[in-house]
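[1] Test case, fold it:
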Amino acid sequence: FGMVFYFFCASAYVWFTCRFRRGSPKTQLLPITNLRKRVASYSLGVVLTIWGALYYILSVWTNSTVPFLDSLANALSIIALWMLARKYVEQWLVWIVVDIILCGLYVYKGVPFHGVLYGAYVLIALVGFRKWRTMAVRA
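    Purely as a prediction, here's the structure:
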């Protein structure tokens, strides 16, 4: 439930920040850009921290049989939503990794329909990455 609540709030945040630039006229949309190396290194640190915290929560306080990959997918999803809010092209690459992990997890857990769904999400993310890469503003 906690993750669903987080993703609901994060979706609202992403919508708002994708829509408008801070200090810009309301009609000017945030441009699509590439992730800078410094931001990428900070993001990796955040992912590792969140991953460790979620792994601890899932392995100590739940009966999850796959806490390692489940916590990784959630940590990557959290950073991917933030990257989406900032309109970084590379967020699609993170979503591809998340979707591959979740595709495998759902098949392993005996929910093949969701596995196929996340397999389709991989294809959608590949198309999104190609499109955003051509639309990106060069900084």
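[2] What ranges does this structure have for its helices?
    Remark: helices assigned in the chain by DSSP state H are 2-19, 37-61, 67-85, 91-108, 112-135.
[3] center of the chain, which residue is that?
    residue 80 (2.6 Å; Cα atoms, centre = their mean).
[4] Skipping its backbone neighbours, what lies nearest that residue in space?
    residue 94 (4.0 Å; Cβ to Cβ, 6 or more residues apart in numbering). (C-beta placed from N, C-alpha, C; glycine too.)
[5] is it true that the one you found touches residue 73?
    No: assessed by Cβ atoms under 8 Å, residue 94 is found out of contact with residue 73, at 10.5 Å.
[6] sorry, back to before: can I get the helices of the chain in TSV with mean pLDDT?
    Below are the helices of the chain laid out as TSV (pLDDT from 0 to 100):
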stretch	mean pLDDT
helix 2-19	76
helix 37-61	95
helix 67-85	93
helix 91-108	96
helix 112-135	95
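[7] With residue 30 as the reference, name the closest of these.
    Among these, the nearest to residue 30 by Cβ to Cβ is helix 2-19 (5.8 Å).
[8] Just list what the closest one packs against, helices and strands only.
    helix 67-85 (3 or more Cβ pairs under 8 Å, 6 or more residues apart in numbering; DSSP states H and E).
[9] what does the helix it packs on contact?
    3, 6-7, 10-11, 13-14, 17-18, 35, 43, 46-48, 50-51, 54-55, 57-59, 64, 90-91, 94-95, 97-98, 101-102, 104-105 (Cβ atoms under 8 Å, 6 or more residues apart in numbering).
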